[in-house]
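Trainee: Quick one, structure for this:
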Amino acid sequence: MSYTPHQDYRAVDGNGQGTFPTTSPIKMKGVILNRFSDMLNPTPGFDPYMGGQWQQFIQFVDEGDFGGTALYMGQNIGKNVGNHPAGSYTDAEWLAELDRLNHDPITGRAFRSGDLVEVRARAPGLFFRGKTNINEQHQKTTLADFDVVLLQPNYMLPAPQTITLADVKDSVDEFIFDQSRATGAEHYQGSFVRFEDVQFTAGTWGPNQSMTITDGAGRTLPVLLGFGSGFAEYPSPTGSFDIVGVFDQEDKISTDGWKGGYRLWVMDYDGDQFVLYRYVKPDFDRDGDVDETDLDHFEACASAPGIEQTDPSCLNADFDGDSDVDQSDFGVLQRCFSGSDGLPDPTCDR
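Mentor: Reported below is the predicted structural model:
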């Protein structure tokens, strides 16, 4: 089976309705963009209606393709077909599904942003509010499962594509819709993008909240804030700033077709800039885990309490900012240590 290009899977008609036939199994390839728990909360029962939810975006890698695709799972899928709770996942079943989706079935390695993966979808998904996304078509059966398989670990997290609000909004602040997807908002669906020199104009700052950005020329765009810890730890930036995230769509108004509802989904903020994936401090080599390689670097940099560490290459090991690299800093590394196949708790260095 050949790979389905993202641009084909996300094709739409003149009303924004998806046109890709979701009737036969497909196979897709892409690089993982986001940490699943930064986008939706997977905790069993978290959402009053859908329970735990899981979502990751993968972005194109093959020349000639463009855009990206959402992979989605919901715990209480039986509610959407009138078969709840029998057709939904129990808490134990849901946790087992999360474990399956978050680990390569061959090596057991936990997936992370920047991994190149293959998605094998037995039920090739559904169209929902403006986008076709891979899911189980609300069926709790292995016959509808999709599998994520590792092709290359730490392949490369793509650089964000810098665009302007004028690329997706017109002069009267309406979304630019192009059925061909060569231009306008549709072109950037599922992509990692950057908007420069924008400001917040409205909204609530915090995890799982929403804001609005403006370019100062009358154009605006909704921003969804994910579950990244930085939204609780730091105040929102003021004045002009650059912002990065996944460009997405969920159009809740269907009377004019599916030509609106685009937004930027932002994963985290480190107090200085917005980030797609915040690496914990002891992940020195930025490969998503804290393992023996990171421990070796720390040990090479260790000084002692009150003994200043002046080597420029070791300043990143002074986690508490007291100028030495001592047991206090080692305690942070211990809390974050995951091994090469695991992922650290994203709050372990807080």
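Trainee: Tell me how far the residue positioned nearest the centre of the chain lies from T162.
Mentor: The centre of the chain sits closest to N34, judged by CA atoms, centre = their mean, with a distance of 2.4 Å. Per CB to CB, to the nearest Å, N34 is found 19 Å from T162. The way it works is simple: take the backbone N, C-alpha and C, and place the C-beta from them, glycine included.
Trainee: What of F274?
Mentor: With the distance defined as CB to CB, F274 ends up 13 Å from T162.
Trainee: and what of C336?
Mentor: 32 Å.
Trainee: More neighbours: which of these two?
Mentor: C336 (22 against 12; other CB atoms under 10 Å).
Trainee: For D311, which non-adjacent residue is spatially closest?
Mentor: Spatial nearest neighbour of D311, excluding adjacent residues (CB to CB, 6 or more residues apart in numbering): C301 at 6.8 Å.
Trainee: Next, the contact list for the one you found, please.
Mentor: Q309, D311, S313, C314, A317, V325 (CB atoms under 8 Å, 6 or more residues apart in numbering).
Trainee: how does it look with 6 Å?
Mentor: C314, A317, V325 (CB atoms under 6 Å, 6 or more residues apart in numbering).
Trainee: what's the answer for D329, then?
Mentor: By CB under 6 Å, 6+ apart, D329 lies in contact with F319.
Trainee: and it, that one's in a strand?
Mentor: No. Remark: D329 does not belong to a strand; assigned using DSSP: H, G, I helix; E, B strand; the rest coil, it is helix.
Trainee: Next one: it from D318, what distance?
Mentor: As judged by CB to CB, D329 and D318 stand 6 Å apart.
Trainee: and what of F192?
Mentor: F192 sits 31 Å away from D318, going by CB to CB.
Trainee: Who has more neighbours out of these two?
Mentor: A direct count of neighbours by other CB under 10 Å for F192 and D318 places F192 higher, at 22 against 19.
Trainee: My read is that that one contacts L33, right?
Mentor: Yes. Using CB atoms under 6 Å, F192 is in contact with L33, at 5.5 Å.
Trainee: what is in contact with the two at once?
Mentor: Counting by CB under 6 Å, 6+ apart, F192 and L33 have no common neighbour.
Trainee: residue ranges for the helices of the stretch 151-300 of the chain, please.
Mentor: Per DSSP state H, counting those that start in this stretch, the stretch 151-300 of the chain carries helices over the ranges 165-168, 184-187, 230-233, 292-301.
Trainee: what's the answer for the stretch 1-150 of the chain, then?
Mentor: For the stretch 1-150 of the chain, the helices defined by DSSP H, counting those that start in this stretch occupy 6-9, 36-39, 91-101.
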